[in-house]
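**Q** Have a look at this prediction, sequence included:
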Amino acid sequence: MPRGAKPKLYYNPEMSTHTHPWAHVEKRTRASDVYEHLDRAGLLGSVQVLPGHSASDEELRTVHTQRHIDEVGRMTAAARADPTNRELCEPDGPGGVYYSGHADAAARLACGCVIDAAVGVLQDSKNATATRASPGDKARRRAPPAFAIVRPPGHHAGADPTDGHHAEGFCFYNSVAVAAGVVLASGDAKKVAILDWDVRHGTEP
Ligand SMILES: [Zn+2]
């Protein structure tokens, strides 16, 4: 790894395609607002911006059942076929989520960005260790950190093997859990630490 490599920032504007016509806190600009703020602040030149990938079924299955994945796909297709179906598309619909014709694609991108950030740091760390000339070389060859700005959120989505479908709290796929699942499945790490800081806006206890 070259010395002084820039931190990686995973962000994909396609995540904004998942939307609905009603005012709601989980709105389409939730990730783009953050990204555009960083741009206005002149910080994007300090990072490597990468688009992330669309998480595959195989990656999602490290946490979710195939039935859950199929159900998110089915509900997304139903919302695409009938965008006026308020039961599917209205905020706080079934399980506290709303679907749109882009729900599955946006959620897979959110998940893929987080996977890429986690796997990228691990890979860069391995490369930095492999190319380190001596133990004292550590500080100069450290892997760059990675960040992901994503939506829809993920941490309320469960694996739920009992009924096979557990999307709720505006979440479809549990991005952080899937990233941890992919990292653990790769065998490159034995443990993954997760710090989940769920900021509320004063609307819930
Ligand atoms: Zn939450």
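**A** Yes, it's here. Predicted, not measured: the structure shown is a model, and the values here were computed from it. Numbering: from 1, shown residues only.
**Q** Tell me where this protein has strands.
**A** Under the criterion DSSP state E, strands of the chain are mapped to 8-10, 48-50, 146-148.
**Q** where does this structure dip in pLDDT?
**A** Residue ranges of the chain with pLDDT under 70: 1-4, 91-95, 132-141, 161-164, 201-205.
**Q** quick one: the helices in it?
**A** Taking DSSP state H, the helices of the chain run over residues 30-40, 57-60, 66-81, 86-89, 103-131, 175-186.
**Q** Contacts for the fourth one, please.
**A** What that stands for is helix 86-89. Residues outside helix 86-89 that contact it (C-beta atoms under 8 Å, 6 or more residues apart in numbering) are 20, 75, 78-79, 82-83, 93-94, 98-100. For the C-beta atoms, the positions are set from N, CA and C on the backbone; glycine is no exception.
**Q** what do you get if the cut-off is 7 Å, keeping everything else the same?
**A** By C-beta atoms under 7 Å, 6 or more residues apart in numbering, the residues outside helix 86-89 that reach it are 20, 75, 78-79, 83, 93, 98-100.
**Q** I'd like the helices of the chain as CSV, with distance to residue 195 appended.
**A** Output for the helices of the chain, formatted as CSV (distance: least, C-beta to C-beta, whole Å):
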stretch, distance to residue 195
helix 30-40, 18
helix 57-60, 22
helix 66-81, 25
helix 86-89, 33
helix 103-131, 13
helix 175-186, 10
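**Q** closest one to residue 8 among the ones you listed?
**A** With C-beta to C-beta as the criterion, residue 8 lies closest to helix 103-131 of the helices of the chain, at 5.8 Å.
**Q** which strands and helices sit next to the closest one?
**A** strand 8-10, helix 66-81, strand 146-148, helix 175-186 (3 or more C-beta pairs under 7 Å, 6 or more residues apart in numbering; DSSP states H and E).
**Q** and the last one with helix 103-131, angle?
**A** Right, helix 175-186. Computed with axes from the mean of the first three to the mean of the last three C-alpha atoms, to 10 degrees, the direction of helix 175-186 lies at 50 degrees from that of helix 103-131.
**Q** Could you do the second one as well?
**A** Regarding helix 66-81 and helix 103-131, their directions subtend 130 degrees when assessed with the same axes, to 10 degrees.
**Q** still on that earlier bit, mind putting the helices of the chain in JSON lines, mean neighbour count and distance to residue 196 included?
**A** Shown next, in JSON lines, are those (neighbours: other C-beta atoms under 10 Å; distance: least, C-beta to C-beta, whole Å):
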{"stretch": "helix 30-40", "mean neighbour count": "15", "distance to residue 196": "17"}
{"stretch": "helix 57-60", "mean neighbour count": "17", "distance to residue 196": "19"}
{"stretch": "helix 66-81", "mean neighbour count": "17", "distance to residue 196": "20"}
{"stretch": "helix 86-89", "mean neighbour count": "17", "distance to residue 196": "28"}
{"stretch": "helix 103-131", "mean neighbour count": "21", "distance to residue 196": "12"}
{"stretch": "helix 175-186", "mean neighbour count": "21", "distance to residue 196": "7"}
